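A.B. asks: coords below, sequence missing:
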């Protein structure tokens, strides 16, 4: 599997570290239901078959986090962008 | 198959000399200490100001891309968005030389951190094909192109020099022996000349 890094170009997946689901948003720790919200955030994950948005860290290249759209059934990658946008 | 590396401790730099069949001269590897090296990292949102300052103060066109740019004895290698290696051709106080960029970038002296390997010869790409996963064909990796990637499990930054076919690799100093062993193991079949350049 090759991941198209916006800076480095297409690179082998072995250069990257996988973090996981990029669709989640960290809950507000000050909210009254923070404990329940964090339980869901940390433990409850969808396991989609098909297109998925996920974080990959390019540890062997530009050392930037990427948001990658990958099909979990075929590993086909539809796109990748720098987390936080370009600096 | 026996190899010159078998008798050498893995912690010891392979000695200068010829590796492989006598009379074959496929690759020359020169190991050198960069005279002066620093990293440059643009401060948040200061990329454009940094490029402008580099152009005005140093005459250097800092491309925010994995590319080489060179001017007035300075070479910049793009290693990530807003980040570069800066190399000087002669020993000098590089952070002092770059002081004008300090408002726009973090500058870190790294001269002793990396060891350089300059590779040339008719079989240089045959050797590198055994460890580099980046396409080095000139049509996609032309002179001046650079990359940071894992080579034989060792993280390196490298580029193709303008002009004749020549590649320069920078490896962390503590990985220099391992990288040299990769060169010997992969290059001896083509005839490898290993030399240290002062």
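C.D. replies: Good, I have the coordinates. Values in this document were obtained by computation on a predicted structure and should not be read as measured data.
A.B. asks: Only C-alpha atoms from now on, for both contacts and neighbour counts.
C.D. replies: Will do.
A.B. asks: which residues does the residue nearest the centre of chain B contact?
C.D. replies: Computing the C-alpha centroid of chain B and ranking residues by CA atoms, centre = their mean puts residue B:169 first, at 2.8 Å. Applying CA atoms under 8 Å, 6 or more residues apart in numbering or on different chains, one finds that residue B:169 lies in contact with B:116, B:117, B:118, B:156, B:157, B:158, B:159.
A.B. asks: is it in a bridge, and if so with what?
C.D. replies: In this structure, residue B:169 has beta-bridge partners residue B:117, residue B:158, where bridges are defined by DSSP bridges.
A.B. asks: Look up how far residue A:23 lies from it.
C.D. replies: The spacing between residue B:169 and residue A:23, counted by CA to CA, to the nearest Å, is 38 Å.
A.B. asks: all helices in chain B, in order from the N-terminus.
C.D. replies: Taking DSSP state H as the test, the helices found in chain B are B:47-53, B:94-97, B:124-128, B:176-187.
A.B. asks: mean confidence for the second one?
C.D. replies: To tie it back to what came earlier, the one meant is helix B:94-97. Per-residue pLDDT values across helix B:94-97 average out to 93.
A.B. asks: What are the contacting residues of it?
C.D. replies: B:36, B:37, B:38, B:88, B:107, B:108, B:109.
A.B. asks: same deal with the first one?
C.D. replies: Residues from elsewhere that reach helix B:47-53 (CA under 8 Å, 6+ apart): A:87, B:42, B:61, B:62, B:63, B:82, B:100, B:101, B:104, B:105.
A.B. asks: cool, and the last one?
C.D. replies: Under the criterion CA under 8 Å, 6+ apart, residues B:3, B:5, B:10-14, B:19-20, B:26-27, B:29, B:115, B:127-128, B:130, B:152, B:154, B:171, B:192 lie in contact with helix B:176-187.
A.B. asks: I'd like to know which of those are buried.
C.D. replies: When burial is judged by neighbour count using 16 or more other CA atoms under 10 Å in any protein chain shown, the buried members of the contacts of helix B:176-187 are B:5, B:14, B:19-20, B:26-27, B:29, B:115, B:127-128, B:152, B:154, B:171, B:192.
A.B. asks: want to try JSON lines for those, with distance to residue B:71 as columns?
C.D. replies: Written out in JSON lines, the entries for these read as follows (distance: CA to CA, whole Å):
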{"residue": "B:5", "distance to residue B:71": "40"}
{"residue": "B:14", "distance to residue B:71": "34"}
{"residue": "B:19", "distance to residue B:71": "36"}
{"residue": "B:20", "distance to residue B:71": "38"}
{"residue": "B:26", "distance to residue B:71": "31"}
{"residue": "B:27", "distance to residue B:71": "28"}
{"residue": "B:29", "distance to residue B:71": "25"}
{"residue": "B:115", "distance to residue B:71": "22"}
{"residue": "B:127", "distance to residue B:71": "30"}
{"residue": "B:128", "distance to residue B:71": "28"}
{"residue": "B:152", "distance to residue B:71": "32"}
{"residue": "B:154", "distance to residue B:71": "29"}
{"residue": "B:171", "distance to residue B:71": "23"}
{"residue": "B:192", "distance to residue B:71": "32"}
